[in-house]
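In: Below is the sequence, then the predicted model.
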Amino acid sequence: MNGDEFRVFGQDGTGGYAAFWLVRPGRELAQQPVVFLGSEGETGVVARDMGAFLWLLADSFGPWEAATSDEPEPDWAPQVNRDLAAIAERFAPGHRASAAAIIAQTTGEFPDFDDTIMKLCR
């Protein structure tokens with residue numbers, strides 16, 4: 001593994017990257033898990049695929065919020081974003097789930113992601 005398994009598609013306000021992790025051979029890009037590679041070393045698989053990621057965004061969770069247990073501000077609370085929910089409904093109607101469910105499912109499927117990233121850093 002040398003890092004070629006990642007396709008960065010976004011950057012958040014903290015400087016971290018959202019990327020597809022190409023770990024499912026033969027599957028399309030949108031069917032690969034979405035990961036967060038933070039600017040301060042935070043890592044995590046945040047959604048099992050693009051459809052789940054759209055619902056995560058609709059629930060007001062970005063990659064950083066999904067990958068960390070820290071809240072960005074003391075008074076921050078997730079709220080459904082109707083515009084993003086409409087996009088998720090259009091492009092991923094079969095993936096509808098709460099952010100908590102998406103994060104739990106993904107964490108269970110890829111429990112060793114942090115170790116994978118640490119191996120790349122050695």
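Out: In hand now; what should we look at? In this text, all values refer to a predicted model and were calculated from it rather than measured experimentally. Residues are numbered from 1 along each chain as shown.

In: Find the nearest non-adjacent residue to residue 55, please.
Out: Nearest residue to residue 55, sequence neighbours excluded (CB to CB, 6 or more residues apart in numbering): residue 88, at 4.8 Å. C-beta coordinates here come from the backbone N, C-alpha and C atoms, glycine included.

In: Not counting residues beside it along the chain, what's closest to residue 54?
Out: Excluding the flanking residues, the one nearest residue 54 by CB to CB, 6+ apart is residue 88, at 3.9 Å.

In: Can you tell me the element the residue nearest to residue 95 when sequence neighbours are not counted falls in?
Out: In space, and not counting its chain neighbours, residue 95 is closest to residue 51: 3.5 Å by CB to CB, 6+ apart. If you go by DSSP states H and E, residue 51 is part of helix 50-58.

In: on that earlier part again, and the pLDDT for the residue nearest to residue 95?
Out: Residue 51 carries a pLDDT value of 96.

In: Quick check: end-to-end length of stretch 7-18?
Out: In stretch 7-18, first residue to last residue: 8 Å (CA to CA, to the nearest Å).

In: next one: stretch 22-29
Out: Chord length of stretch 22-29, first to last residue, is 7 Å (CA to CA).

In: centre of the chain versus that stretch, how much separation?
Out: Put simply, stretch 22-29 sits 16 Å off its chain's centre (CA atoms, centre = their mean, to the nearest Å).

In: contacts for it?
Out: Residues from elsewhere that reach stretch 22-29 (CB atoms under 8 Å, 6 or more residues apart in numbering): 5-7, 20, 31-33, 50.

In: TSV please, covering those and showing distance to residue 62.
Out: Formatted as TSV, the contacts of stretch 22-29 follow (distance: CB to CB, whole Å):
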residue	distance to residue 62
5	22
6	18
7	18
20	16
31	21
32	19
33	16
50	15
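
In: for the residues you listed, which one is nearest residue 95?
Out: Distances from residue 95 to these, taken as CB to CB, are shortest for residue 50 (8.7 Å).

In: The residue nearest the centre of the chain: which element?
Out: Residue closest to the average C-alpha location in the chain (CA atoms, centre = their mean): residue 46, at 2.7 Å. Taking DSSP H and E as the criterion, residue 46 maps to strand 43-47.
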